[in-house]
Every structure is written in structure tokens, then in C-alpha cells.
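prediction below, plus the sequence it came from.
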Amino acid sequence: MYPGFDDPDYIIKRIEAGAVYGAFLSDNSADNTINTLAGIIGIHEEGSIGMLYVKPQYRHQKLAKALETYVFNRALENGWIPYGQIIVGNEPSMRLQESMGMHFSKSSVYWMTKK
């Protein structure tokens, strides 16, 4: 569910650590017991907020903002400074951060990975 990320074991570890949260929507069934996972967000091992993804059919319903607000509040409750890192070109995420009043670093941050 997290496109562009090719390490499912990492995601599983973050879920097991209790660091991934979901947005679930009811299917409007008579008993309202069936829920659909509409989106996710998580906290990476080093503490940054990320892994934000909302399924296309549930976008433009402010779910991304609700998920991010939830995780920001969780971070603050734990005494952490909420922060995230956005891949260059991810304009929807940039707009979301701006709409929430987030500040951007003056310089770029570069990631290095070992393959």
C-alpha cells in the first residue's frame, strides 16, 4: 500500500512496533461492522513522520490531513518534535504540509541507502 517503497519487512516491523496508523471507513452496511482501510501513515525508525498514503478512491476527503494531524499529536504527546521528509517532486505532500503551517528547511536533505 506504500508505493515506491520496496522493503515490506520494514513496513511490517513498523506495524509491529505500533508506529503505523490507519484511516478506516465504514462500508455503510446495516450493522456497520465492515471497515475498509482507506489510508496509512507512520513514524520511521529515526523518528520522521512518513509512509503517508491514501488510496486514490478516498482522496480529497481530508484523510491525509487527519492522519498527519493524528501522528503529529502522538509525537507531541511523547515529547518529540514532529518532522517529516518529502521527496522532491511530491507536490501533493508539499501542499499538505503548507496547509498545516509546516516550515521547510532552507537546504536539501539527501538520503543515502545501501543496496
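It's in.

which residues sit against stretch 60-76?
Identification of contacts with stretch 60-76 by CB atoms under 8 Å, 6 or more residues apart in numbering yields 21, 23, 38-43, 47, 49, 52, 54, 81-82, 92, 96, 99-100. For the C-beta atoms, the positions are set from N, CA and C on the backbone; glycine is no exception.

how about the helices in this protein?
Remark: helices assigned in the chain by DSSP state H are 8-16, 63-77, 91-99.

out of those, flag the one nearest residue 110.
helix 91-99 (17.5 Å; CB to CB).

who does the closest one touch, helix- and strand-wise?
In this structure, helix 91-99 makes packing contacts with helix 63-77, judged by 3 or more CB pairs under 8 Å, 6 or more residues apart in numbering; DSSP states H and E.

what mean pLDDT does the helix it packs on get?
For helix 63-77, mean pLDDT rounds to 95.

export it to CSV, keeping only CA atoms.
C-alpha atoms of helix 63-77 as CSV (Å, rounded to 0.1, in the frame of the first residue of the first chain):
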residue,chain,number,x,y,z
LEU,A,63,-8.0,11.9,5.2
ALA,A,64,-4.3,12.7,4.7
LYS,A,65,-4.6,15.8,6.9
ALA,A,66,-6.5,13.8,9.5
LEU,A,67,-3.8,11.1,9.5
GLU,A,68,-1.0,13.6,9.7
THR,A,69,-2.7,15.6,12.5
TYR,A,70,-3.1,12.4,14.5
VAL,A,71,0.6,11.4,14.1
PHE,A,72,1.8,14.9,14.9
ASN,A,73,-0.3,14.9,18.1
ARG,A,74,1.1,11.4,19.0
ALA,A,75,4.6,12.8,18.5
LEU,A,76,3.9,15.8,20.7
GLU,A,77,2.4,13.6,23.4
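
that's all I had, so thanks and see you.
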